[in-house]
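> fold the following for me, if possible:
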Amino acid sequence: MTFAEELTEVVRKARREESDRKRQAQKWLEHEGKLLDEAVEAFKRRCMRAAEEEKSDASVSFEVLSRDITDFPSRLASDSTFLVDNWGEGAAAWWYYAHRGTSTPYTPGTKVFFAELLESMMPKFVEKVHALGFQKCARIPGTWKVQASWSTPGSEPPEKKSRTEAVEASPAAERPGAPTLRVSQRWVRGPGGDVVGELAATLARATGVASGLPARPRQMAERPKAAGINICVQCG
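From the prediction side, this is the model:
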């Protein structure tokens, strides 16, 4: 084997090793997903208990929830800090390659801080909790806690309330879904001497859809018939 061939073999071996690291990283992501699903279920149980106590919000610590999650990595106190002690169904190398990259090999015995493990999972946990449809949901800065709130019977979310008030305060012609009446404006006199244009304005005032025109009794809409003139009304 020539030296150049040896170099080619080295590259091939390095690629195989990195490919294996990526597979290990994927194993952690799959394992992590299961842990997060359990954490979300535990979070939902805490919120359910709060709702049963007639509360409309709950603050739950991800770190506290992790203690009740099956196979969640355990921690061990060491020099006033906590290190990951047991990885359960997972492996330290899996986590290492998933969150520190696959370019360099994992060294067995490398210490992983428990806080670093929690932080690597926290954004995904918050995202999963947010997807539950809470009125408000956010991580409390500087903590492992996630605060969520929901509406109580008889209450209405501020956003929905403001939209409702805006619609109620708008003119009929500006309301979403309100019909707009279009009347032919051909100036043709009828038997009574009235003019189509005048009757069209009367019809618009009677229905109250013309912006800037005062409302009139709906009976005035019968005037076109009394005048013996056919008016084409279109709904837009």
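
> so where do the helices sit in this structure?
For the chain, the helices defined by DSSP state H occupy 3-52, 62-66, 92-100, 114-130, 158-169, 196-207, 223-227.

> which ones are touching the closest residue to Leu29 other than its chain neighbours?
Spatially, and ignoring its direct neighbours in sequence, Leu29 is nearest to Ala98 (5.7 Å; C-beta to C-beta, 6 or more residues apart in numbering). Placement of C-beta: from N, CA and C, glycine included. Contacts were defined as C-beta atoms under 8 Å, 6 or more residues apart in numbering; by that measure Ala98 touches Gln24, Ala25, Gln26, Trp28, Leu29, Glu32.

> most tightly packed of the helices of the chain?
helix 92-100 (a mean of 21; mean count of other C-beta atoms under 10 Å).

> mind checking the pLDDT average for it?
Mean pLDDT, helix 92-100: 96.

> dump the C-alpha coordinates for that helix into CSV.
C-alpha atoms of helix 92-100 as CSV (Å, rounded to 0.1, in the frame of the first residue of the first chain):
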residue,chain,number,x,y,z
ALA,A,92,-23.1,9.9,28.1
ALA,A,93,-21.6,9.5,24.6
TRP,A,94,-25.1,9.8,23.0
TRP,A,95,-25.7,13.1,24.8
TYR,A,96,-22.2,14.4,24.1
TYR,A,97,-22.4,13.9,20.3
ALA,A,98,-26.0,15.3,20.2
HIS,A,99,-25.1,18.5,22.0
ARG,A,100,-21.4,19.0,21.6
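
> related to what we said a few turns ago, okay if I get the helices of the chain as CSV plus distance to Arg75?
Shown next, in CSV, are these (distance: least, C-beta to C-beta, whole Å):
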stretch, distance to Arg75
helix 3-52, 14
helix 62-66, 9
helix 92-100, 13
helix 114-130, 4
helix 158-169, 41
helix 196-207, 72
helix 223-227, 83
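
> any idea which of those helices gets closest to Ser151?
Counting by C-beta to C-beta, Ser151 lies closest to helix 158-169 out of the helices of the chain; the figure is 9.3 Å.

> rewinding a little: closest to Thr81 out of the helices of the chain?
helix 114-130 (7.9 Å).

> against which helices or strands is that closest one packed?
helix 3-52, helix 62-66, strand 81-86, helix 92-100, strand 136-139, strand 145-149 (3 or more C-beta pairs under 8 Å, 6 or more residues apart in numbering; DSSP states H and E).

> how about a cut-off of 6 Å?
Applying 3 or more C-beta pairs under 6 Å, 6 or more residues apart in numbering; DSSP states H and E, one finds that helix 114-130 contacts helix 3-52, strand 81-86, strand 136-139.
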